[in-house]
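K.L.:
dropping the sequence and predicted coords here.
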Amino acid sequence: MSFVWRVCAGLALILGTSLACAEAVNPRIQQVMSSPDALQKAQHDGKKAAAFCANCHGNTGNSTYDYIPNLAGQHPGYLFNQIKKFADGRRQDRFMSGLIKAMKDEDRFNMAIYYANQRVQAARPPEPDLVARGRQLYSQECKSCHGEKGYGGENIARLAGQRPGYLVGALGKYQNGIKRRADPVMSSVARRLQVSDIAALANYIVTMK
Ligand code: HEC
Ligand code: HEC
């Protein structure tokens, strides 16, 4: 069983099912992830197709800039869905939108499989004093959906180890409810947060492994 699916099964246990793995997983993803040969081929092709992406997201999906998200360790279903959102305009970004539109569906799929199977590198919080408050807030406000360890699932982003600058930016977009990234669930969560809460959460989340 791959890393992702072990995490998935673990999450379902912790949460008493309901999340991620209990949902119907994209059947093609499930098929590829359960066949070592198909998985190896998808990863190989995905890495090749992602050569340009590495400029920003890093060779192994560990981003090279604070405002750009890590892709490593995300559920492949989540990655594939976000790629589809960029392609059809539900999510918009000046870098990503054009890049994704120019890409074949097969490459999009393989890239999602490749990044999902990479490991997130440990990182330090920029303001360690805020970590304790962030942990408490995470447990109250985020754990129920993103999971105890922040691994997310098919429809919910992995947060563990995510870049602080990107997290702050994403939460700001949800708060504003702007068309570039609209999600009713995350918007209602984000609107309950103060600026200081977001800073604390970002400092804790980057320490989660
Ligand atoms: C010029 C820099 C740049 C390049 C090159 C780039 N990205 Fe991105 N990517 C970004 C930024 C910035 C975001 C965050 C956009 C936002 O805030 O919505 C992003 C977001 C994403 C996301 C959403 C992640 C999440 O956590 O929701 C995916 C998936 C993604 N990129 C895949 C790719 C793929 C695949 C490629 C190669 C075809 C690529 N990116 C190339 C800058 C880049
Ligand atoms: C009710 C369920 C729910 C709760 C509670 C929740 N989230 Fe989310 N979160 C989601 C879903 C669903 C998505 C994917 C939304 C999308 O596709 O844009 C998401 C996405 C995100 C993203 C985007 C990540 C990325 O890679 O782009 C961030 C950041 C985030 N959540 C942070 C938080 C934080 C911090 C908390 C606690 C304060 C929280 N969430 C609580 C469901 C939830």
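P.N.:
Now that the structure is in, tell me what you want to look at. Numbering: from 1, shown residues only. Ligands and ions are numbered 1, 2, ... in the order given.
K.L.:
export only the CA atoms of stretch 148-168, formatted as CSV.
P.N.:
Coordinates of the C-alpha atoms in stretch 148-168 are reproduced here as CSV (Å, rounded to 0.1, in the frame of the first residue of the first chain):
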residue,chain,number,x,y,z
GLU,A,148,-5.7,15.3,13.1
LYS,A,149,-2.4,15.3,11.1
GLY,A,150,-3.6,17.6,8.4
TYR,A,151,-3.4,15.0,5.6
GLY,A,152,-6.7,15.9,4.0
GLY,A,153,-8.2,13.7,1.4
GLU,A,154,-9.7,13.4,-2.1
ASN,A,155,-11.8,16.5,-1.7
ILE,A,156,-10.0,18.3,1.1
ALA,A,157,-6.5,19.8,0.8
ARG,A,158,-3.6,18.4,2.7
LEU,A,159,-2.4,21.2,5.0
ALA,A,160,0.5,19.5,6.8
GLY,A,161,3.8,21.2,6.0
GLN,A,162,2.2,23.8,3.7
ARG,A,163,4.1,27.0,3.1
PRO,A,164,3.0,29.8,5.5
GLY,A,165,2.8,32.5,2.8
TYR,A,166,0.6,30.5,0.6
LEU,A,167,-1.7,29.5,3.5
VAL,A,168,-2.1,33.2,4.5
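K.L.:
is that stretch positioned near ligand 2?
P.N.:
Yes - using CB under 6 Å from any ligand atom, stretch 148-168 reaches ligand 2 at 155-157, 159, 167. No exception for glycine: its C-beta is placed from N, CA and C like everyone else's.
K.L.:
what of stretch 106-123?
P.N.:
No - using CB under 6 Å from any ligand atom, no contact is recorded between stretch 106-123 and ligand 2, whose separation bottoms out at 11.7 Å.
K.L.:
quick one: the helices in the chain?
P.N.:
Counting by DSSP state H, the chain has helices at residues 3-15, 27-33, 36-49, 54-57, 76-88, 96-101, 105-116, 131-141, 143-146, 164-176, 184-190, 195-205.
K.L.:
low pLDDT regions in the chain?
P.N.:
For the chain, the stretches flagged by pLDDT under 70 are 1-25.
K.L.:
show me it divided up by domain.
P.N.:
Per the record, the chain has its domains at 3-116, 128-205, by automatic domain parsing.
K.L.:
out of those domains, nearest to ligand 1?
P.N.:
Of all the domains of the chain, domain 3-116 sits nearest to ligand 1, with 2.8 Å by CB to the nearest ligand atom.
K.L.:
next, give phi and psi for residue 117.
P.N.:
Backbone torsions for residue 117, taken as degrees, to the nearest 10, come to phi -90, psi 10.
K.L.:
including distance to ligand 1 and mean neighbour count, could the domains of the chain go into TSV?
P.N.:
Output for the domains of the chain, formatted as TSV (distance: least, CB to the nearest ligand atom, whole Å; neighbours: other CB atoms under 10 Å):
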stretch	distance to ligand 1	mean neighbour count
domain 3-116	3	17
domain 128-205	5	18
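K.L.:
okay if I get the ones you listed as TSV plus distance to residue 122?
P.N.:
Output for these, formatted as TSV (distance: least, CB to CB, whole Å):
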stretch	distance to residue 122
domain 3-116	10
domain 128-205	7
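K.L.:
quick one: which of the helices of the chain is nearest residue 67?
P.N.:
Set against residue 67 and scored by CB to CB, these come closest in helix 164-176, at 4.5 Å.
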